[in-house]
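S.K.: Sequence plus predicted model, see below.
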Amino acid sequence: MSSKSKGKFKETEIGIIPEDWEVKEMNKICEVASSKRIFLADYVAEGIPFYRSKEIIEKSQGIKISTEIFISKKKFDEIKEKYGTPQNGDLLLSAVGARSGIPYYVNEKKEFYFKDGNLIWFRNFKDDILSKYLYFILVSEIGQNQLENSMIGSAQPALTIDGLNKLVIPMPPISEQAAIAKILSDLDSRIELNQQMNATLEKIGQAIFKHWFINFEFPNEKGKPYKSSGGEMVDSELGEIPKGWKVAKLGDYGTFKNGINYLRDETGDAEFFIANVRNIANNKLLLKNSLDRIKIDLKKAKDYLLNDKDILIARSASPGEVSLVLGNLDQVIYSGFSIRYRLNTPNNYLYMFLIMQRLKENLSNFAVGTTLQSVNQETLRNMKFVLPLDRALNEFNKIIEQILEETYNNLIQNSSLSQIRDSLLPRLMSGRIRVGMAK
């Protein structure tokens, strides 16, 4: 492969890189492979996890996978003996459809297998390449541009093993690869740690909510659990509830409004951030800078602007999923596949948000057939919930506000860390920032 020297840098097929770096085709640094096909008849209720492209993409983005599929241990052992199975340090790459080109670095605590064809498997790495460094190359602009250029097909774009074998990879010395991978991995690890902390905080909040408002063990006036300490219970249409509490409808305490309908190629006189169903499904709290942007006429969009403490509900695709909207919401709107719930008085927004998080379970009672397909305003307005007395709500809010503040701060920190990582990534991968070099 030819190159033209330019001082301490040189020009290559993938642009200007440091003079002491090499470039190599993918087939010279690792094996690019697929997997043994798994048939529907091989699926079982419990066993070894089996991931399709959809689940691998979710895992790569730190999202809890939405579908659990398994194959038997016997089938897994048979495949493992004949063909091998993913090992820690291997890479998987989504290879078919609009979301092709998303890499996943295998770092599993348990064994798994994956669908062939829709995922490409990078394994058996040579001594001069670190797989974690290659992962960050594939994430970077250098890698993504090459992946996009190597796709075949238009209606259903796809990556092929032959095409991936020809990708050109910038190759710093192995010590520099390790330093680059460590810097970026440390940032990713901190982001993941914050995500795990937020998941724990969410569980704590849900546990307190259940203890107080499902089991009715909120502290009584003496600080003891209400129901188990002999607190008086009365009958209601939702079962027994504490004396003084009442059954209410969501529509009596707030208003619902469907989101804005727009075209993908729509243009207008103002730019807005827009909350879509995928944002609602993947985030309990929505931050402005995590949303897509759209140009749309102000006159059309102004009635769909969000306020602090609004609650968004997914209408379809992920019906019943909810998110709380917080913070700076200037120029933020929401899509037509969602419904906004705005409380008449937002004092008890935390309690109402946690009530709404149980929507999916409650809404299934209103579904046609066995699967909930969509949500509408009429159903939401008539949904009933138990409204506690103010004393219990005020005490609950004090506790949950602390949890919410810590969760929100972690999200803000992750947003900042992501920006730092995204800024460093192209500089490190092009050699504009050098690290881990021998002095």
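M.R.: Alright, I've got the coordinates.
S.K.: Is the nearest residue to residue 79 once chain neighbours are set aside in a helix, a strand, or coil?
M.R.: Nearest non-adjacent residue to residue 79, counting by CB to CB, 6 or more residues apart in numbering: residue 36, 5.1 Å away. C-beta coordinates here come from the backbone N, C-alpha and C atoms, glycine included. Assigned by DSSP: H, G, I helix; E, B strand; the rest coil, the conformation of residue 36 is coil.
S.K.: Run through the stretch 251-400 of the chain and note the low-pLDDT ranges.
M.R.: 362-373 (pLDDT under 70).
S.K.: where exactly do the helices run in it?
M.R.: Assigned by DSSP state H, counting those that start in this stretch, the helices in the stretch 251-400 of the chain fall at 277-282, 298-301, 349-356, 359-363, 377-382, 390-430.
S.K.: buried ones in the shortest one?
M.R.: What that stands for is helix 298-301. For helix 298-301, the neighbour count (16 or more other CB atoms under 10 Å) marks 300-301 as buried.
S.K.: Residue 79 falls within a helix, correct?
M.R.: Yes: if the criterion is three-state DSSP, then residue 79 is within a helix.
S.K.: I figured it hits residue 113, correct?
M.R.: Yes: assessed by CB atoms under 8 Å, residue 79 is found in contact with residue 113 at 6.3 Å.
S.K.: Now the common contact residues for those two.
M.R.: The contact sets of residue 79 and residue 113 overlap at residue 85 (CB atoms under 8 Å, 6 or more residues apart in numbering).
S.K.: how about the closest residue in space to residue 401 that isn't next to it in sequence, what does it touch?
M.R.: Of all residues not flanking residue 401 in the chain, residue 350 sits nearest, at 6.7 Å (CB to CB, 6+ apart). By CB under 8 Å, 6+ apart, the residues touching residue 350 are 396-397, 400-401, 404.
S.K.: next one: residue 309
M.R.: 324-326, 343, 346, 349.
S.K.: rerun at 6 Å
M.R.: 346, 349 (CB atoms under 6 Å, 6 or more residues apart in numbering).
S.K.: And it, how far from residue 326?
M.R.: Distance, residue 309 to residue 326, using CB to CB, to the nearest Å: 7 Å.
S.K.: How about residue 299?
M.R.: 27 Å.
S.K.: out of residue 79 and residue 113, which sits in the more crowded spot?
M.R.: Applying other CB atoms under 10 Å to residue 79 and residue 113 shows that residue 113 carries more neighbours, namely 24 against 19.
S.K.: Need the nearest residue in space to that one, chain neighbours excluded.
M.R.: With CB to CB, 6+ apart, the residue lying closest to residue 113 is residue 50, at 5.3 Å.
S.K.: cool, and residue 356?
M.R.: Nearest to residue 356 is residue 322, by CB to CB, 6+ apart, at 4.6 Å.
S.K.: CA atoms only for the host helix or strand of residue 134 - export them in CSV, please.
M.R.: Assigned by DSSP states H and E, residue 134 belongs to helix 131-139. C-alpha atoms of helix 131-139 as CSV (Å, rounded to 0.1, in the frame of the first residue of the first chain):
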residue,chain,number,x,y,z
SER,A,131,-9.6,-6.0,19.5
LYS,A,132,-10.7,-3.2,21.8
TYR,A,133,-8.8,-0.7,19.7
LEU,A,134,-10.5,-2.2,16.6
TYR,A,135,-13.8,-1.7,18.3
PHE,A,136,-13.1,2.0,18.7
ILE,A,137,-11.9,2.2,15.0
LEU,A,138,-15.3,0.8,13.9
VAL,A,139,-17.1,3.3,16.1
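S.K.: That one - contacts with which helices or strands?
M.R.: strand 103-105, helix 174-213 (3 or more CB pairs under 6 Å, 6 or more residues apart in numbering; DSSP states H and E).
S.K.: Might one say that residue 383 is in contact with residue 251?
M.R.: No: in this structure, residue 383 is not within contact of residue 251 by CB atoms under 6 Å, at 8.1 Å.
S.K.: can you tell me how far the residue nearest in space to the middle of the chain sits from residue 102?
M.R.: Nearest to the mean C-alpha position of the chain, by CA atoms, centre = their mean, lies residue 63 at 3.8 Å. Distance of residue 63 to residue 102, computed by CB to CB: 12 Å.
S.K.: what does residue 174 give?
M.R.: 26 Å.
S.K.: List the contacts of the residue nearest to the centre of the chain.
M.R.: Contacts of residue 63 by CB under 6 Å, 6+ apart are residue 282.
S.K.: count of neighbours near residue 20?
M.R.: By other CB under 10 Å, 14 other residues sit near residue 20.
S.K.: Give me the nearest residue to it, chain neighbours excluded.
M.R.: residue 173 (7.1 Å).
S.K.: What does the one you found show for phi and psi?
M.R.: Here is the backbone geometry of residue 173 (degrees, to the nearest 10): phi -50, psi 150.
S.K.: any chance of the helices of the stretch 251-400 of the chain in TSV, with distance to residue 330 too?
M.R.: Converted to TSV, the helices of the stretch 251-400 of the chain look like this (distance: least, CB to CB, whole Å):
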stretch	distance to residue 330
helix 277-282	17
helix 298-301	12
helix 349-356	20
helix 359-363	28
helix 377-382	26
helix 390-430	16
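S.K.: For residue 25, which of those is the nearest?
M.R.: helix 390-430 (17.0 Å; CB to CB).
S.K.: model confidence over stretch 138-151, on average?
M.R.: Mean pLDDT, stretch 138-151: 93.
S.K.: re the thing from before, tell me the spacing between the residue nearest to residue 401 and residue 284.
M.R.: 12 Å.
S.K.: Over to residue 80?
M.R.: 38 Å.
S.K.: between the two, who's got more neighbours?
M.R.: It is residue 284, of residue 80 and residue 284, that has more neighbours when counted by other CB under 10 Å, with 18 against 14.
S.K.: tell me the phi and psi of that one?
M.R.: phi -70, psi -30.
S.K.: from what I can see residue 322 touches residue 313, true?
M.R.: Yes: the pair residue 322 / residue 313 is scored as a contact, 5.2 Å apart, by CB under 6 Å.
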